[in-house]
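Participant: just coords:
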Ligand code: SF4
């Protein structure tokens, strides 16, 4: 009997011929911790790590992305504690200038198809976008991974989701992900490894895959794996043989189909990412602010689209448009190519690379009654401040910023 | 360390409206108001402090007790306190129909036994009866009744025997 993607990846990392439900020791290629909880990882290692608290400094790194540069003293202290530990042990720190850790992991070539990555970031399952395993864990687990290079893991059951048809023009990866969140709001994907198939997945770009996989956490899934297509293989300069695919006779716990033919832009209304509606049903909601960025929608391609839609337009009076590229590399490219100037001239506020609006208020939080459209992944009460957060793609975010109310990108088209 | 794989103790059967209590989240187990507490000894007093009907659990619990609940025990945040508060009171194990994924990891990593009994009927066990929990076989029994669930996994029992994840690591070859 064949094996699913997650069974094969875990199998190749020490799990052997493992199946769903088996508890195995899994070798970890990339062991990371971020500025959130990173200091607790260090504390654990100082207490239990002994003389050799880090198995392989070359495979271990810290990524600062939550609060960058630190704007609270506790974060500053935690970051400094990590820097000192890392310096002592020869571990690399992607410091406050680098950007979102999961994106840095892919950009720097650590997170290749078929690899395993763990860290203190609950969205590290974003690695599913390149057909790799990734998982966020608590500080004890991560400290253990630093020390030993492995973690124990219960092989999750796999389910197969077939996305049928193609969305309409102007509909993005985020809208596809939101459609999945709306469809699977009943815990069907809880604890599962979700494999995503269908024509959309076959032609998706790497940024599209990143957007979709970044929302696996909100779907309750362990991970959303997209089998690497031509675009993803080309990005890494590798061939199919270097990536991991499910066997044709792999066994799935369940198989679902979701029709996305002609899908229109979607939006998740407060207070949960599964509270999804078509954007055109929400156009009477007035907007105070728009945040574009995060590990879900902060790539180069996302921000080029932002700039292209904003070119020659202005943000509506009284609306704050906050824009944050995911990484420094992305920032630099957008700067060189003039896209940041376009966003700036349209009235955008641009901040340094990081988690920004999604984490600890690097580019501001919301106040009571404030309505924000955000391209990030969580809109739970209090997550981005006291206001109301709506989750949407780039087109919806830009159209809402320009029109001062929730709007679909289609409203920007007939110019 | 050689730890017993058969635990005996008084069973707390947590019920809500006559059924086994399900979806007990980490805020009901250990409320976030007390997250600043770092010493394990001080955590016991807050165990179930926010669980309807069981706010006095910490006062009434005795070392050796076992806890039984319904589905999805420990869903919610990743706080280790929600495991450590039971260790502080000397509670030996939590048995439930199912656990939140992170709670299960945290418990196993700190050498605290959690046993899953999928499909356990609501009324099988009696509150405060003496019960026996066989970790290796995944069996809970009391008087004439018993129910077989999932045995502790190999990894979990190795970590349990060692007393915790890092204690276990000391015995790992080649690390
Ligand atoms: S952008 Fe938000 S969800 Fe993504 S890693 Fe940062 S804090 Fe987490």
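Facilitator: Good, I have the coordinates. Small disclaimer: the values here were computed from a predicted structure and weren't measured.
Participant: Tell me where the model's unsure across the stretch 51-200 of chain A.
Facilitator: A:186 (pLDDT under 70).
Participant: tell me which parts of it are close to the ligand?
Facilitator: Within the stretch 51-200 of chain A, the positions near the ligand by CB under 6 Å from any ligand atom are A:65, A:66, A:100, A:102, A:121, A:123. (C-beta placed from N, C-alpha, C; glycine too.)
Participant: show me the contacts for the third one.
Facilitator: To tie it back to what came earlier, the one meant is residue A:100. Neighbour list for residue A:100: A:63, A:65, A:294, A:295, A:298, A:326, A:327, A:353, A:354, A:355 [criterion: CB atoms under 8 Å, 6 or more residues apart in numbering or on different chains].
Participant: Identify the bridge partners of the spatially most central residue of chain B.
Facilitator: Residue closest to the mean C-alpha point of chain B, counted by CA atoms, centre = their mean, is residue B:94 at 2.2 Å. Using DSSP bridges, the beta-bridge partners of residue B:94 come out as residue B:67, residue B:114.
Participant: what does residue B:12 give?
Facilitator: Bridge pairing for residue B:12 - DSSP bridges - gives residue B:67.
Participant: Next, count neighbours for it.
Facilitator: Using other CB atoms under 10 Å in any protein chain shown, residue B:12 has 23 neighbouring residues.
Participant: distance of it from the ligand?
Facilitator: Residue B:12 sits 37 Å away from the ligand when distances are taken as CB to the nearest ligand atom, to the nearest Å.
Participant: Spit out the contact partners of that residue.
Facilitator: Residue B:12 sits next to B:57, B:61, B:65, B:66, B:67, B:68, B:127, B:128 when contact means CB under 8 Å, 6+ apart.
Participant: quick one, what contacts the fourth one?
Facilitator: For residue B:66, the contact set (CB under 8 Å, 6+ apart) comprises B:7, B:9, B:10, B:11, B:12, B:91, B:92, B:93, B:94, B:95, B:131, B:133.
Participant: Among the contacts of residue A:100, name the ones in strands.
Facilitator: The strands, defined by DSSP state E, take in residue A:63 from these.
Participant: Could you dump the contacts of residue A:100 into CSV with neighbour count added?
Facilitator: Formatted as CSV, the contacts of residue A:100 follow (neighbours: other CB atoms under 10 Å in any protein chain shown):
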residue, neighbour count
A:63, 27
A:65, 28
A:294, 27
A:295, 26
A:298, 31
A:326, 31
A:327, 26
A:353, 26
A:354, 32
A:355, 31
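Participant: so what's the residue in chain B that the ligand sits nearest to up against?
Facilitator: The ligand sits closest to residue B:78 of chain B, with a gap of 13.8 Å, by CB to the nearest ligand atom. By CB under 8 Å, 6+ apart, the contact list for residue B:78 reads A:138, B:102, B:106.
Participant: among those, who's most crowded?
Facilitator: Counting by other CB under 10 Å, top hit in the contacts of residue B:78: residue B:106 with 27 neighbours.
Participant: what does chain B have sitting close to chain A?
Facilitator: B:78, B:80, B:101-102, B:105-106, B:108-110, B:153-156, B:159, B:165-166, B:169-170, B:172, B:175 (CB under 8 Å from any CB of the partner chain).
Participant: Could you rerun that using 6 Å?
Facilitator: B:78, B:101, B:109, B:153, B:155, B:165, B:166, B:169, B:175 (CB under 6 Å from any CB of the partner chain).
Participant: mind listing which of the contacts of residue B:78 are in helices?
Facilitator: Of the contacts of residue B:78, the ones assigned to helices by DSSP state H are B:102, B:106.
Participant: Do I have it right that residue A:150 meets residue A:27?
Facilitator: Yes - taking contacts as CB atoms under 6 Å, residue A:150 lies within contact range of residue A:27: 5.3 Å.
Participant: Same drill for these two, tell me which one is more crowded.
Facilitator: Comparing residue A:150 with residue A:27 by neighbour count (other CB under 10 Å), the higher total belongs to residue A:150, at 22 against 16.
Participant: for that one, what are its contacts?
Facilitator: A:25, A:27, A:28 (CB atoms under 6 Å, 6 or more residues apart in numbering or on different chains).
Participant: cool, residue A:62 as well?
Facilitator: Listed by CB under 6 Å, 6+ apart, the contact set of residue A:62 reads A:33, A:38, A:82, A:86, A:93.
Participant: which of those residues come close to chain B?
Facilitator: Applying CB under 6 Å from any CB to the contacts of residue A:62, none is adjacent to chain B.
Participant: Can you flag which of the residues you listed belong to strands?
Facilitator: Using DSSP E, these in strands are A:33, A:93.
Participant: any idea how far the most far-flung residue of chain A relative to its centre lies from residue A:302?
Facilitator: Ranked by distance from the centre of chain A (CA atoms, centre = their mean), the top residue is residue A:51, with 35.1 Å. Residue A:51 sits 45 Å away from residue A:302, going by CB to CB, to the nearest Å.
Participant: Same question for residue A:36.
Facilitator: 23 Å.
Participant: who's more crowded, those two?
Facilitator: residue A:302 (28 against 21).
Participant: Could you find the closest non-adjacent residue to that one?
Facilitator: residue A:394 (5.3 Å; CB to CB, 6 or more residues apart in numbering or on different chains).
Participant: what do you get for residue B:146?
Facilitator: residue B:139 (5.8 Å).
Participant: so that neighbour bridges to which residues?
Facilitator: Beta-bridge pairing of residue B:139 under DSSP bridges involves residue B:134, residue B:148.
Participant: re the thing from before, right, and the residue nearest to the centre of chain B touches residue B:68 too?
Facilitator: No - applying CB under 6 Å, one finds residue B:94 not in contact with residue B:68, separated by 7.9 Å.
Participant: Save the contacts of residue A:62 as CSV, and put in neighbour count and distance to residue A:127 too.
Facilitator: Output for these, formatted as CSV (neighbours: other CB atoms under 10 Å in any protein chain shown; distance: CB to CB, whole Å):
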residue, neighbour count, distance to residue A:127
A:33, 31, 16
A:38, 27, 19
A:82, 22, 22
A:86, 21, 22
A:93, 18, 20
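Participant: Need the contacts of residue A:62 in a markdown table (columns: distance to residue A:172).
Facilitator: Conversion of these to a markdown table gives the following (distance: CB to CB, whole Å):
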| residue | distance to residue A:172 |
| --- | --- |
| A:33 | 31 |
| A:38 | 32 |
| A:82 | 35 |
| A:86 | 37 |
| A:93 | 33 |
